[in-house]
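[1] Need a 3D model of the following:
(4 chains)
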Amino acid sequence: MFKRILIANRGEIAVRILRTCNELGIETVAVYSTADENALHVQLADKAVCIGPPKAADSYLNRQAILSAALGSGCQAIHPGYGFLSENAEFADLCAKHGIVFIGPAGDVIRRMGNKAAARELMQQAGVPVVPGSDGTVADAAEAAAVAEAIGYPVLLKASAGGGGRGMRRVFEAGQMAASFAAAQAEAVSCFGNGEMYVEKLILRPRHIEFQILADSAGNVVHLGERDCSIQRKNQKLIEESPSRALTDQLRRQMGEAAVQAAKACGYLGAGTIEFVLDKEGHYYFIEMNTRIQVEHPVTEMLTGLDLIQEQLRIAAGLPLPFTQDEVTFRGHAIEVRINAEDPTKDFRPTPGKTGFLHFPGGCGVRVDSALYSGSMLSPYYDSMVAKIIVHGQSRLQAIRRMRRALEELVVEGYPTVAELAHLITYHPDFLRGNYDTSFLEQHLEGLLQVSKAEEIKEKADD
Amino acid sequence: MFKRILIANRGEIAVRILRTCNELGIETVAVYSTADENALHVQLADKAVCIGPPKAADSYLNRQAILSAALGSGCQAIHPGYGFLSENAEFADLCAKHGIVFIGPAGDVIRRMGNKAAARELMQQAGVPVVPGSDGTVADAAEAAAVAEAIGYPVLLKASAGGGGRGMRRVFEAGQMAASFAAAQAEAVSCFGNGEMYVEKLILRPRHIEFQILADSAGNVVHLGERDCSIQRKNQKLIEESPSRALTDQLRRQMGEAAVQAAKACGYLGAGTIEFVLDKEGHYYFIEMNTRIQVEHPVTEMLTGLDLIQEQLRIAAGLPLPFTQDEVTFRGHAIEVRINAEDPTKDFRPTPGKTGFLHFPGGCGVRVDSALYSGSMLSPYYDSMVAKIIVHGQSRLQAIRRMRRALEELVVEGYPTVAELAHLITYHPDFLRGNYDTSFLEQHLEGLLQVSKAEEIKEKADD
Amino acid sequence: MNQQELQALMQSFEATTLTRLEYEENGVRLVLERAAWPQGPANPAAFLPIAAAPAAAAAIPASAIAAAPSPANSAASSSANAAAPASGSYIKAPVVGTFYAAPSPESAPFVTVGSSVKKGDIVCILEAMKMINEVPAPCDCMIEEVLLADGALAGFDDGLFRIREL
Amino acid sequence: MNQQELQALMQSFEATTLTRLEYEENGVRLVLERAAWPQGPANPAAFLPIAAAPAAAAAIPASAIAAAPSPANSAASSSANAAAPASGSYIKAPVVGTFYAAPSPESAPFVTVGSSVKKGDIVCILEAMKMINEVPAPCDCMIEEVLLADGALAGFDDGLFRIREL
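    Predicted coordinates:
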């Protein structure tokens, strides 16, 4: 095992990683920008090195500074956490070049899975379902219609050069194809000077289901079950849970096997996540792989009793997985809520500031991961997530109720957070039934905010 | 299930109970003394009723005030927590008389198990091993020697009327018997005017092993494994863990069955604990039953994934246990450390005061149960335990290391606590090997405090 | 500037890292100041859980149980309970019990607002576990306000009547 | 202002970390004041985990990495590090790197205590990933103290030399 590693991150994930290092007797070197001098990860680490000014590009994304700090402080490995340099293939290469273990897959694997087209092709070859579509571009509306017939309506027409919704049309039936194709192509030509078009199956209101996998250097790959991350706002996950209400045992087995296949196909090493969309009929399609630890990994830890950071460190040190797929056991139900310092009533504007009175929930089945402390400063330079509340219960209902009471106990003074919104979501009938998809927040946000406002007015009146 | 219950306690256990009530949708009525106006349990409860002045005898032990509060606020049941009225048979009777469910066994069961002689006899009848000894008093040294031969040396001679060590002698071999008996009896006569003597087997440096049991009103009884509570100071437990290093699978099964037998023999209802002493040779003897939830119950919750307060409430509401003995599963290893506001360097003098900066540990496998918050007052009137840190790991070593890092993260400013002492214990070779008994602290306290002092001096020098 | 404006300013100041604000205009002068490392601590009074959602039972401050706080805690909770009287003495509950203003449902109350009573006169009953506790007036006084509704639970030391000593 | 308003203000004041409020208008004058937080907590510099036991690696404050704090943080951490110079300017590390006082192990150092250098003169080398970064003097100055040992790691903005401008 490593003697000393550098943690190339900040906030709760840096704290999360150094906790496990501490437990394994691995010395930790934290890095920090000048804005983070008093941050918790700096205080808890064995050593800390300032790597630059507040702007992330100059500090937490500063590959040279971080590698210099690792080399200069005698570290054997770098844990990149999530975000920042965690999926930066060049950084992984650079680490390798300098004899430092990058705790994650090789640069080439990151590169391969980071290229959507290449990843799609690789997955197809490995027999993992991908969103059906045309093989490359289609010449005209007729060819597009033929593809659409083959894969089934509705479909999405996408400009090869497209982006931001331009040159894109949803087509729900054959009769709309000619007109939609013409319109999308014209838009693509006028916007991008390129009229090449693709056809892809349109998955309406899918679930976002991801599988956690672990792959060691001996080629063993296991999955640790799924996480349902469909409660999102603009692709930012807010609530994650496991097991998902949308999976049958059979589907779970199938998707788990597909996830293991996917990891094997790309020669994966370490902890990774295979993301799928799942439609109402139980069809699932690979969309991408996250080649790093994820924010929501504690959900899986609560169910399996494993420490995923420990497994990452063991794998990176060349040790084999200490268990087989059959030995992975799942107990109960787990839910995570991300507490972001954002004001839901002001379009989720981040709300940096000074943390005032702080009180975290505790007790049976409750875990808190956070880098906050009473009086800590929330810098405007970085992510607005300030804490993760994770609960475990014997049943989904117990977990939901436990999450409610945990959110009721939580007190973060100094700035608004999304805690109350998350609390309201746990009362929504669709959430309670587990009957939700990625459109949930879009559909219900307005209503939830109105309830919240009404509550506030009522409270003031009661005072 | 109950609609509303009263929690006749304070501090962390009141908070613990109302958390589960909250999760089950049961309304909570807290009670408090005038010293506890701003206590956390008062703030988290749905309602709170002041029941008297600070002195426990006038408030938390005030049966009439508590019952009046329960009746006046429409509660169906009272949860007594631990301590205070939790093992008060008269209070349990009084509740029954007024149609309030006492969450615990019937008054008669409390009474029966509270009387040591009666409990011993009952256990003997039920085939549960008790500490061997004479049946009643012995007439003279010769009879005492005969009993000693039968049960084996060493033995303890005890005056029937004795107390505080008077009229008591340890006898390690037959040759000492005559002189010891004479001396003990003479002391008993002169101190208590009563020369009646008993003989009991002397268990030298035993382990304190207890089994958690649950018994429902349909007569189902299960045990939830053991807790090793041998790290004690003057019978005050400081660290508890499960599983115990001292038990083989076979011994665990035997003792578990004995615990179930014991609970059945006394017609038990609810959550209870059967306490055993275990000698070096693996002989175990019933010593007493705690007819209430215990401080260290979270150790069992971490291993089994159950919520014991929920089970108490279900049983009290007349529901059957939702699982059988075979369905109880144990995962990994759990340890609890009690954080007492006491100064170990001043003979564990309690240190009430105002809580300053407060920071609890978090993250993977860590649970905190506490009624503290930044700025809360520690009253001199009540127990000095301010928090419980409970950790879970896949192995005992992981759990120990997790406990270390949790204690390193803990910051309680405002008064000394035993956290540092507990931290030092986790480094002691005997603790690490799991090779300890109830004499551990007595033997090692002095040395541990010296290490602590040396560390402090070193730190000051380093500043 | 009124009291609310001052409160709002204090709050805004609190949200910053400023250590001093000084303001003067047209004879109005305001100074706000704090020590360099303030570390927003933990005034217990400021500690309240977030509001519970519609279906959840709201966390109710203890003072909401008995309609009127006793004088002992009225200073501490005055902003939380605007109804708290600012002055006057109280007859307080000597035991926990259900408040009855009259000896029986059919009877007239022992006292009403404006009643003058002598020390030792019974002013109400607190029923605790089927036992009737008669509460005597602690001094000669005039009843200014009855603080509990008939049948409400009185906690220990809760105010029962606001009185004016005579 | 009446008593209730004063009480409300006191309470608001209590909920903040203010140490002083002064307010004057139309002959009304109000001063609220209290001692700086007595529980003295929560200066982040004072926030340290409990001392680790013999076998455990002790938590080392960040400032212990680089022997000398940069001027920017010396004020904040001066009590934690009594060796911090109270005044003077610094030449600070423009990048993270290993500090070398001389161009090669056999050479004499670029500068020593007492050296006078011109703006732009090389004062040391910071090696980062096999790359040599020469650090120039930012101004004409005299070297008063060399703050890092040869081969020590310099974090961004860490002080390398204490200097006196000439």
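[2] start to end distance for stretch A:347-354?
    Start-to-end span of stretch A:347-354 (CA to CA, to the nearest Å) is 21 Å.
[3] Nearest to chain C: which residue in the stretch 201-350 of chain A?
    Nearest residue of the stretch 201-350 of chain A to chain C: A:I339, at 11.0 Å (CB to the nearest CB). C-beta coordinates here come from the backbone N, C-alpha and C atoms, glycine included.
[4] Look up how far chain B lies from that residue.
    13 Å (CB to the nearest CB, to the nearest Å).
[5] Specify the beta-bridge partners of that residue.
    Note on A:I339: beta-bridge partners by DSSP bridges are A:A387.
[6] hang on, isn't it packed against A:D383?
    No. Counting by CB atoms under 8 Å, A:I339 sits too far from A:D383 to count as a contact (11.8 Å).
[7] Compare neighbour counts for those two and give me the winner.
    Counted by other CB atoms under 10 Å in any protein chain shown, A:I339 and A:D383 do not tie: A:I339 has more neighbours, with 24 against 18.
[8] what ranges do the strands span in the stretch 301-450 of chain A?
    Under the criterion DSSP state E, counting those that start in this stretch, the stretch 301-450 of chain A contains strands at A:333-340, A:342-343, A:349-350, A:353-354, A:358-359, A:366-370, A:377-378, A:385-393, A:411-412.
[9] want to try CSV for these, with mean pLDDT as columns?
    Output for the strands of the stretch 301-450 of chain A, formatted as CSV (pLDDT from 0 to 100):
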stretch, mean pLDDT
strand A:333-340, 98
strand A:342-343, 94
strand A:349-350, 90
strand A:353-354, 91
strand A:358-359, 96
strand A:366-370, 98
strand A:377-378, 91
strand A:385-393, 97
strand A:411-412, 96
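[10] got the ones you listed as CSV, with distance to B:T137 columns?
    Below are those laid out as CSV (distance: least, CB to CB, whole Å):
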stretch, distance to B:T137
strand A:333-340, 58
strand A:342-343, 76
strand A:349-350, 78
strand A:353-354, 72
strand A:358-359, 58
strand A:366-370, 54
strand A:377-378, 72
strand A:385-393, 54
strand A:411-412, 61
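[11] residues touching A:L157, list them.
    A:A144, A:M168, A:R169, A:R170, A:V171, A:S180, A:F181, A:A184, A:M197, A:Y198, A:V199 (CB atoms under 8 Å, 6 or more residues apart in numbering or on different chains).
[12] now the second one, which residues is it bridged with?
    In this structure, A:M168 bridges to A:K158 when assessed by DSSP bridges.
[13] Name all residues that make contact with it.
    Applying CB under 8 Å, 6+ apart, we find A:M168 in contact with A:L156, A:L157, A:K158, A:A159, A:G162, A:A184.
[14] Give me the neighbour count for the third one.
    Here the count is done by other CB under 10 Å, and A:K158 has 22 residues near it.
[15] So it versus A:V189, what's the distance?
    A:K158 sits 14 Å away from A:V189, going by CB to CB, to the nearest Å.
[16] Which stretches in chain C count as helices?
    Ranges of helices within chain C are C:3-14, C:71-74, based on DSSP state H.
[17] Residue ranges in chain C under the pLDDT threshold?
    C:14-17, C:35-87 (pLDDT under 70).
[18] where exactly do the strands run in it?
    Assigned by DSSP state E, the strands in chain C fall at C:20-25, C:28-33, C:89-92, C:97-100, C:116-117, C:122-128, C:131-136, C:141-146, C:153-154, C:159-165.
[19] With distance to A:L378 and mean neighbour count as added columns, please give those strands in a markdown table.
    As requested, the strands of chain C are arranged in a markdown table below (distance: least, CB to CB, whole Å; neighbours: other CB atoms under 10 Å in any protein chain shown):
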| stretch | distance to A:L378 | mean neighbour count |
| --- | --- | --- |
| strand C:20-25 | 22 | 12 |
| strand C:28-33 | 23 | 17 |
| strand C:89-92 | 45 | 20 |
| strand C:97-100 | 48 | 23 |
| strand C:116-117 | 59 | 18 |
| strand C:122-128 | 51 | 20 |
| strand C:131-136 | 53 | 15 |
| strand C:141-146 | 47 | 19 |
| strand C:153-154 | 43 | 29 |
| strand C:159-165 | 43 | 21 |
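[20] May I see those arranged in JSON lines, with distance to chain B as well?
    JSON lines is the format used below for these (distance: least, CB to the nearest CB, whole Å):
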{"stretch": "strand C:20-25", "distance to chain B": "24"}
{"stretch": "strand C:28-33", "distance to chain B": "21"}
{"stretch": "strand C:89-92", "distance to chain B": "10"}
{"stretch": "strand C:97-100", "distance to chain B": "5"}
{"stretch": "strand C:116-117", "distance to chain B": "25"}
{"stretch": "strand C:122-128", "distance to chain B": "4"}
{"stretch": "strand C:131-136", "distance to chain B": "8"}
{"stretch": "strand C:141-146", "distance to chain B": "18"}
{"stretch": "strand C:153-154", "distance to chain B": "4"}
{"stretch": "strand C:159-165", "distance to chain B": "11"}
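[21] now those strands as CSV including distance to A:L269?
    Below are the strands of chain C laid out as CSV (distance: least, CB to CB, whole Å):
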stretch, distance to A:L269
strand C:20-25, 56
strand C:28-33, 57
strand C:89-92, 72
strand C:97-100, 70
strand C:116-117, 86
strand C:122-128, 70
strand C:131-136, 75
strand C:141-146, 76
strand C:153-154, 65
strand C:159-165, 70
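[22] Figure out which of these is closest to A:D36.
    A:D36 lies closest, by CB to CB, to one member of the strands of chain C: strand C:20-25, at 26.7 Å.
[23] Output that closest one in CSV, but only the C-alpha positions, please.
    C-alpha atoms of strand C:20-25 as CSV (Å, rounded to 0.1, in the frame of the first residue of the first chain):
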residue,chain,number,x,y,z
ARG,C,20,-17.1,48.1,11.9
LEU,C,21,-19.8,50.2,10.4
GLU,C,22,-20.2,53.9,11.3
TYR,C,23,-23.0,56.0,9.9
GLU,C,24,-24.1,59.5,10.5
GLU,C,25,-26.7,61.7,8.8
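[24] angle of it against strand C:28-33?
    Angle of strand C:20-25 versus strand C:28-33, following axes from the mean of the first three to the mean of the last three CA atoms, to 10 degrees, is 180 degrees.
[25] Quick one: residues in contact with stretch A:305-313.
    By CB under 8 Å, 6+ apart, stretch A:305-313 touches A:1-2, A:5, A:16-17, A:19-21, A:23-24, A:26, A:77, A:79, A:103-104, A:212, A:214, A:224, A:270-271, A:293, A:297, A:300-301, A:321, A:328-329, A:331, B:331-332, B:364-365, B:392, B:394, B:398.
[26] Would you pull up how far it lies from the middle of the chain?
    Relative to its chain's centre, stretch A:305-313 lies at 17 Å (CA atoms, centre = their mean, to the nearest Å).
[27] Could you pull out the buried residues of that stretch?
    Buried residues in stretch A:305-313, counted by 16 or more other CB atoms under 10 Å in any protein chain shown: A:G305, A:L306, A:D307, A:L308, A:I309, A:Q310, A:E311, A:Q312, A:L313.
[28] from the contacts of A:M168, which is closest to chain C?
    Among the contacts of A:M168, A:L156 lies closest to chain C (CB to the nearest CB), at 37.4 Å.
[29] Could you pull up the contacting residues of the closest one?
    Going by CB under 8 Å, 6+ apart, A:L156 touches A:M168, A:R169, A:R170, A:V171, A:V199, A:E200, A:K201, A:L202.
[30] Where does the third one sit, in terms of helix or strand?
    Following DSSP states H and E, the helix or strand that holds A:R170 is strand A:166-171.
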